[in-house]
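J.: my questions are about this predicted structure, shown below with the sequence.
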Amino acid sequence: MALQWRSDNLQATPFRHHVPAASAPAAPLAAPIDAALARIAPRAKSLIVTVFGDSIAPHGGRLWMGSLIRLMAPLGVNERLVRTAVQRLTAEQWLHSVPVGRRSWYGLTDAGRQRIDAVYTRIYAMRPLPWDGAWRIALALHPALKDAERSALQREFSWLGFGGVAPGVYVHPGIADAVVQSTVAELGLTGKVVQMTARCGGPAGGSAGDAALRDLVLARQDMPSVAALYEEFLAVFTPLRDALARGAVPDGEQAFRLRSGLVHLFRRALLRDPQFPAAMLPTDWPGIPAQALCRDLYRQVSAPAEEWLLAELEVPDHERAPEADAAFRQRFSAPLGD
């Protein structure tokens, strides 16, 4: 699709996404949810990260392996795949394990929770950030940086939505300074990465300079692919929203499957999206209606999904998993302005 970027004052006109009126009678949700998950075709390791971030972290962030196997089964991930994926996530320092007799429980590491918090905050905030006119720039040009350190930094910055405009130069228009600092510190690179804030000035200052810098970042981003991911999200989940609007009611397991698939596919798009503030978005950016759809469906299915989850979730030191934390109750609470 051709995205129409404004290059004059960086003000985007509102995007209006038209969904065809539903005319078919209500249908059982099992088949369309099956079709949605089949179309998403998630990899086991990535889907487990989604489930940890969306469902397990709010309830203490740890659980027995057997409980995780039971949670992943309705999502099409068998025991062998769960165990293999968990081993890899542990090796990559997303998870850590504690053996207790013949059983083991798994929880998020500090680094894993930090990664999840950085991304999931963006998912559940659900609104383009206002822009203060400043660009956040990180320079990884220190001669003492090793190739492995550069690769790790590039991977983490990509996860946070930075755009690389040149080797070792990363730009973002809205990320919090504290997030960058903690990421650099977690990698052990404090003192090797320079962090700064800059505003465009000079002959090409103001909106013209910002547009030029935005275009430089975009030249190194595959924005049509990001747009295609949002369009895919809309194609997959609009029929499910329509089915609910016609009166279909999911049971708890269906709600959990739908919610997990919803967050997983939206996260897939979000991780590739540089997350420009609203003033820099194209006039027809599909991320806007995708955000609204994600918010609406999530709100509709969360209650039955949580009821099913709490019945299935077995955690260490508790007969029953703790209730969701305060941050969970604030998900999607901010208005989109749509």
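T.: The structure has been received and is ready for your questions.

J.: report the buried residues of the helix ranked longest in the chain.
T.: With DSSP state H setting the assignment, residue counts place helix 287-312 as the longest helix in the chain. Neighbour-count burial for helix 287-312, with 16 or more other CB atoms under 10 Å as criterion, is recorded at 287-298, 300-302, 304-306, 308-310, 312. C-betas here are computed from N, CA, C, even on glycine.

J.: residues contacting the residue most central in space within the chain?
T.: Centroid check for the chain by CA atoms, centre = their mean gives R267 as the closest residue, at 3.2 Å. R267 sits next to T50, G53, V119, Y120, I123 when contact means CB atoms under 8 Å, 6 or more residues apart in numbering.

J.: against I175, how distant is the third one?
T.: Same thing as V119. 12 Å (CB to CB, to the nearest Å).

J.: of the two, which one has the most company?
T.: More crowded of V119 and I175, by other CB atoms under 10 Å: I175, with 21 against 17.

J.: could you pull up the residues touching the more buried one?
T.: Counting by CB under 8 Å, 6+ apart, I175 touches R136, L160, G161, F162, Q275.

J.: number of residues surrounding the nearest residue to the first one once chain neighbours are set aside?
T.: Which is R136. In space, and not counting its chain neighbours, R136 is closest to H172: 4.7 Å by CB to CB, 6 or more residues apart in numbering. Look at H172: counted by other CB under 10 Å, it has 21 neighbours.

J.: ok, H172 touching P274?
T.: Yes - using CB atoms under 8 Å, H172 makes contact with P274 at a distance of 7.2 Å.

J.: tell me, what's touching the two both at once?
T.: Shared contacts of H172 and P274, defined by CB under 8 Å, 6+ apart, comprise G161, F162, G163.

J.: can you put the residues you listed in a markdown table and add distance to A326 and pLDDT?
T.: Below are the shared contacts of H172 and P274 laid out as a markdown table (distance: CB to CB, whole Å; pLDDT from 0 to 100):
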| residue | distance to A326 | pLDDT |
| --- | --- | --- |
| G161 | 25 | 73 |
| F162 | 29 | 83 |
| G163 | 33 | 80 |
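
J.: quick one: which of those residues is most hemmed in?
T.: Using other CB under 10 Å as the neighbour test, these are led by F162, with 24 neighbours.

J.: how many other residues sit next to the residue nearest to it when sequence neighbours are not counted?
T.: Excluding the flanking residues, the one nearest F162 by CB to CB, 6+ apart is Y170, at 4.1 Å. Counted by other CB under 10 Å, the residues lying close to Y170 total 25.

J.: measure Y170 to S225 for me?
T.: Y170 sits at a distance of 19 Å from S225 (criterion: CB to CB).

J.: pretty sure V301 sits against A248.
T.: No - V301 sits out of contact with A248 when judged by CB under 8 Å, with a separation of 10.9 Å.

J.: now the common contact residues for these two.
T.: By CB under 8 Å, 6+ apart, no residue touches both V301 and A248.

J.: going by residue numbers, what spans are helices in the chain?
T.: For the chain, the helices defined by DSSP H cover 30-40, 44-51, 65-72, 79-91, 110-125, 147-160, 177-186, 206-219, 223-245, 252-270, 287-312, 326-329.

J.: how about the worst-scoring helix or strand of the chain on mean pLDDT as CSV, C-alpha atoms only?
T.: Using mean pLDDT, DSSP states H and E, helix 206-219 stands out as the lowest-scoring helix or strand of the chain, at a mean of 77. Written as CSV, here are the backbone C-alpha positions of helix 206-219 (Å, rounded to 0.1, in the frame of the first residue of the first chain):
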residue,chain,number,x,y,z
GLY,A,206,11.4,23.2,12.7
SER,A,207,8.9,21.0,10.8
ALA,A,208,11.1,20.9,7.7
GLY,A,209,14.1,19.5,9.7
ASP,A,210,11.9,17.1,11.6
ALA,A,211,10.4,15.8,8.3
ALA,A,212,13.9,15.3,6.9
LEU,A,213,15.0,13.4,9.9
ARG,A,214,11.8,11.4,9.9
ASP,A,215,12.4,10.5,6.3
LEU,A,216,16.0,9.5,7.1
VAL,A,217,14.7,7.1,9.8
LEU,A,218,12.0,5.8,7.4
ALA,A,219,14.5,5.1,4.7
